[in-house]
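Q: With the sequence up front, the predicted model follows.
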Amino acid sequence: MTKHTDPQEKFQWLTTAPIPGLVGQLAVPTVISMLITSIYNMADTYFVGSLGTSAQGAVGVVFSLMAIIQALGFTFGNGSGNYVSRLLGQQRREEAETVAATGFFSGVIIGGALAVGGLLLLDPLVGLLGATDTVLPYAREYARYILIGAPWMVGAFVLNNLLRFEGSATYAMMGITAGGILNMLLDPFFIFPTRQWYGLTIFGLDMGVGGAALATIISQAVSFLILLFNSGRGGTLPIRIRRFAPGQGRLWVIIKGGLPSMYRQGLASVASILLNWAAKPYLDAAQAAMAIVSKVTMFAGSAMIGFGQGFQPVCGFNYGAGLYDRVRKGFWFCVRVGTLVMAAIALGGVLAAPWVVGAFQKNDPEVVRMGVFALRLHLSTLPLTAYIIINNMMLQTVGENVRASVLALARQGLFFVPFILLLPIAMGFSGVAAAQPVADVCSFLLAIPLSAGFLRKMHRMEEGKTEGGGENG
């Protein structure tokens, strides 16, 4: 944990410390948080795999619903968080506290509305997500619990992002890590019946796929409570209901700042649904294979996202303080390091693909065959995602919402949607597997002019040739 708990001391640290060490110190807890989150997301897929291919397919189908919940959390969390970091860079702490409370309570309210609507329309919702007839009963059971937990799941995502943007990533890590570890411990207890293991009696509730979802929402509730407790500690902004003030354009600035996250995360849900529909003609084995690939590639990419999240408070504080050269230096440092790390992960993943997929579903050779092929294709473009992710995070944090939204729309919307609709027609399952990698290449090419334009704009601002730059709320 950083020793910078006084607000003024934290400001000095974020605006004067050397960039590599500063980003690294902030990135370590965010990388850990992202990896833990990905591990416990994979835990459901791993444990449910022993219940059969259809049950495992259900986890992949409902993953798109969880992506919607995450999208709401990131919309209000990033929208309020990047605004807060700029306000703190301008040393407007009281307004920052109001924005934080408004973002948090707005997110919880929307999460509650999603829960009510989803539970009332559960069967049509699960069908819309792309479940086959055999997957549908398991998906319905899994989705019911996830919807019940939606309000505090959204709230946890908002709090996590607020703490990160304030430069207190360690406090955010505590909540995420505790919930993740608890999820992995609860999964086998809720999923399996009481059994004997090396002479020991291991108690279980035998709830099957529903038990996996129940373990998830209990763990998310624990994360939520820890994150709420950490808000206001160590110089972070407290969350107070009396500070909830959506008026005076505040809520609109939060939503506008979070729209790139909504596009990015929401389209991840749409992409997951389209992926399920595209895999449907190839039966449960294809849906199970793509569920495994989605979770594994999400785990690989989570390290990059965590690293980029370490850059965001540096970016926001320094941009708010007018220190544009430090923003530029931080951006290129993260791009270089991120690309090298993603290349190493991709190479290792390609070589170990049969072992990785087999660890999730060793009993179905067809799932393994499809999964290995798809995983290798997805990993081939993983190094390109470093530039895309860091670019998107920088643009969103500084308030360049048009550029950020265009890039967020591209990867799993603008490019992915036509490819997932057309490639399977021409290439069969190979087209299903290739759609995301092809979209990644196109997104990388789009990201180059978007970042180059903003970096030139920031350079002119630094030289005093122009004024303004981005929507600073």
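A: Received it, and whenever you're ready, just let me know what you need.

Q: Residue 37 and residue 382: what is the separation?
A: According to Cβ to Cβ, to the nearest Å, residue 37 and residue 382 sit 18 Å apart. Bear in mind the C-beta positions are built from the backbone N, C-alpha and C, glycine included.

Q: One more: residue 219?
A: 28 Å.

Q: do the same with residue 408
A: Distance, residue 408 to residue 382, by Cβ to Cβ: 18 Å.

Q: Quickly find the element holding residue 458.
A: Assessed by DSSP states H and E, residue 458 sits inside helix 429-463.

Q: ditto for residue 405
A: Using DSSP H and E, residue 405 sits within helix 401-409.

Q: Put the alpha carbons of that helix into CSV.
A: Coordinates of each C-alpha in helix 401-409 appear next as CSV, following Å, rounded to 0.1, in the frame of the first residue of the first chain:
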residue,chain,number,x,y,z
ASN,A,401,-15.1,11.1,-25.3
VAL,A,402,-15.7,11.1,-29.1
ARG,A,403,-12.4,9.5,-29.9
ALA,A,404,-12.7,7.1,-27.0
SER,A,405,-16.2,6.1,-28.0
VAL,A,406,-15.3,5.5,-31.6
LEU,A,407,-12.4,3.2,-30.5
ALA,A,408,-14.6,1.5,-27.9
LEU,A,409,-17.3,0.9,-30.5
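
Q: Quick one: list the elements packing against that helix.
A: helix 250-279, helix 384-397, helix 429-463 (3 or more Cβ pairs under 8 Å, 6 or more residues apart in numbering; DSSP states H and E).

Q: Need the winner for burial among those helices.
A: helix 384-397 (a mean of 26; mean count of other Cβ atoms under 10 Å).

Q: and that one, how far out from the chain's middle?
A: 13 Å (Cα atoms, centre = their mean, to the nearest Å).

Q: Against which helices or strands is it packed?
A: Using 3+ Cβ pairs under 8 Å, 6+ apart: helix 384-397 touches helix 53-89, helix 250-279, helix 283-320, helix 324-360, helix 401-409, helix 429-463.

Q: Show me the shaky parts of the stretch 101-250 of the chain.
A: 196-199 (pLDDT under 70).

Q: As a check, name the ranges of all helices in it.
A: 122-128, 136-148, 150-165, 169-191, 209-230, 250-279 (DSSP state H, counting those that start in this stretch).

Q: Would you mark the buried spots in stretch 369-387?
A: 370-387 (16 or more other Cβ atoms under 10 Å).

Q: same question for it, mean pLDDT?
A: Averaged over stretch 369-387, pLDDT sits at 91.

Q: Alpha carbons of it, in PDB - could you do that?
A: What follows is stretch 369-387, C-alpha atoms only, in PDB (Å, rounded to 0.1, in the frame of the first residue of the first chain):
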ATOM      1  CA  ARG A 369     -10.300 -29.800 -30.600                       C
ATOM      2  CA  MET A 370     -12.500 -26.700 -31.300                       C
ATOM      3  CA  GLY A 371     -11.200 -24.900 -28.200                       C
ATOM      4  CA  VAL A 372      -7.500 -25.300 -29.100                       C
ATOM      5  CA  PHE A 373      -8.100 -24.000 -32.700                       C
ATOM      6  CA  ALA A 374     -10.100 -21.000 -31.500                       C
ATOM      7  CA  LEU A 375      -7.700 -20.200 -28.600                       C
ATOM      8  CA  ARG A 376      -4.700 -20.100 -30.900                       C
ATOM      9  CA  LEU A 377      -6.400 -17.800 -33.300                       C
ATOM     10  CA  HIS A 378      -7.500 -15.400 -30.500                       C
ATOM     11  CA  LEU A 379      -4.000 -15.300 -29.000                       C
ATOM     12  CA  SER A 380      -2.400 -14.500 -32.300                       C
ATOM     13  CA  THR A 381      -3.600 -10.900 -32.100                       C
ATOM     14  CA  LEU A 382      -3.200 -10.400 -28.300                       C
ATOM     15  CA  PRO A 383      -0.100  -8.200 -28.600                       C
ATOM     16  CA  LEU A 384      -2.100  -5.700 -30.600                       C
ATOM     17  CA  THR A 385      -4.600  -5.200 -27.800                       C
ATOM     18  CA  ALA A 386      -2.000  -3.400 -25.700                       C
ATOM     19  CA  TYR A 387      -2.000  -0.400 -27.900                       C
END
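
Q: I am finished for the moment; much appreciated.
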